[in-house]
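S.K.: build the 3D model from these lines:
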Amino acid sequence: MAAVNEDRMRATEQLQRDLGVLTATTEHPNGLCMVTATPKGEIKALHLHPALLGQGAQAVGQVVTETVQLATNAAVQASFNKMALALGDGMAIDVESIAGDSPFRSTWNPVVPPEAPAEQAPPERRQRAPRVEDPDEDAFFENPSWLR
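M.R.: Sure thing, here's the model as predicted:
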């Protein structure tokens, strides 16, 4: 029994060490930003594509924020996965019931697509005029002068 407890203590200590250094690297769906973050949201690395910088400060801020959220969610998910491997699915489910759903279980698409600016909004569609039946539709084919 003491050996089992020692094994559990060692496994718990190893899990704590693994979770302490865990990071995830994620690229934004537009490919212009890459972030490495911890489950706590600490940014370990940030790479910006030069094309993003030309889009203005607001676009840079939005893309960086979204990418940090994606990377943090990926790191949290990886920590849930490590806990499930180390502690078993039953214990991981118990932890999840206390801490809340894992990020990838609670949302399928964590990045909300930006709204289209007003100047790029599609033009309003005009309704078609009602089709009027032409009573002499076949008049062209009934004219004998056209048959020559």
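S.K.: elements contacting the longest helix seen in the chain?
M.R.: Identified as the longest helix of the chain according to DSSP state H is helix 57-87. Helices and strands touching helix 57-87, by 3 or more CB pairs under 8 Å, 6 or more residues apart in numbering; DSSP states H and E, are helix 2-20, strand 24-27, strand 33-37, strand 43-48, helix 50-53, helix 89-99, helix 103-106. Every residue, glycine included, has its C-beta placed from N, CA and C.
S.K.: deepest-packed of the ones you listed, please.
M.R.: Most buried of the helices and strands packed on helix 57-87, by mean neighbour count (mean count of other CB atoms under 10 Å): strand 33-37, with a mean of 22.
S.K.: name the nearest residue to Val76, sequence neighbours excluded.
M.R.: Once flanking residues are discounted, Val76 sits nearest to Pro39: 4.5 Å by CB to CB, 6 or more residues apart in numbering.
S.K.: surely the one you found meets Leu19?
M.R.: Yes: counting by CB atoms under 8 Å, Pro39 does reach Leu19; the two are 7.3 Å apart.
S.K.: the residue nearest to Val76 belongs to a strand?
M.R.: No: in this structure, Pro39 is coil, not part of a strand, as judged by DSSP: H, G, I helix; E, B strand; the rest coil.
S.K.: how far away is it from Leu87?
M.R.: Using CB to CB, to the nearest Å, Pro39 is found at 16 Å from Leu87.
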